[in-house]
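In: The amino acid sequence is not available; the structure is as follows:
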């Protein structure tokens, strides 16, 4: 499923690139569609902890997710700015962001969920 979504997003980006060379409004429409599909993953992402954790443990998991996300929001712009200034190009920054997203997806897919009986929902 993730592979199909990645292929679809890549094709949508290529479509947006072709349209943007013709009309700016077409590019805006294609990028809005890309954002729509990109943001569609968040409801299912936030539902994952509540499917196998109790209410208290799920609340702690949400806090951990938010704290890790805020760490990335704090250091990410500084790293992107440093890479832009060092290389005088945005390419290194885009590679950094893509590698960060790939690593987070890889960690998510490779992690196995073992829920102790005391923490799991009944």
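Out: Received the coordinates, thanks. The structure displayed is predicted, hence computed values, not measured ones. Residues are numbered from 1 along each chain as shown.

In: any idea how far residue 83 lies from residue 11?
Out: 28 Å (CB to CB, to the nearest Å). For glycine as for every other residue, the C-beta is placed from the backbone atoms N, C-alpha and C.

In: Same drill for the two, tell me which one is more crowded.
Out: Set residue 83 next to residue 11 and count neighbours by other CB atoms under 10 Å: residue 83 wins out with 19 against 10.

In: Flag every buried residue along the helix or strand harbouring the more buried one.
Out: Remark: residue 83 resides in helix 55-87, with elements defined by DSSP states H and E. Residues of helix 55-87 classed as buried by neighbour count (16 or more other CB atoms under 10 Å): 57-58, 61, 80, 83.

In: For residue 35, state which of those is nearest.
Out: residue 80 (19.5 Å; CB to CB).

In: which ones are touching the residue nearest to that closest one when sequence neighbours are not counted?
Out: Counting by CB to CB, 6 or more residues apart in numbering, residue 93 is the residue found nearest to residue 80 once chain neighbours are left out, at 4.4 Å. Applying CB atoms under 8 Å, 6 or more residues apart in numbering to residue 93 gives the contacts 80, 83-84.

In: quick one: pLDDT of residue 93?
Out: Note on residue 93: pLDDT of 86.

In: ditto for residue 11
Out: Reported pLDDT for residue 11: 70.

In: Just the element for it, please.
Out: Going by DSSP H and E, residue 11 is in helix 2-20.

In: Next one: the residue nearest the centre of the chain from residue 109, what distance?
Out: In the chain, the C-alpha closest to the average C-alpha coordinate belongs to residue 101, at a distance of 5.8 Å (CA atoms, centre = their mean). For residue 101, the distance to residue 109 (CB to CB) stands at 13 Å.
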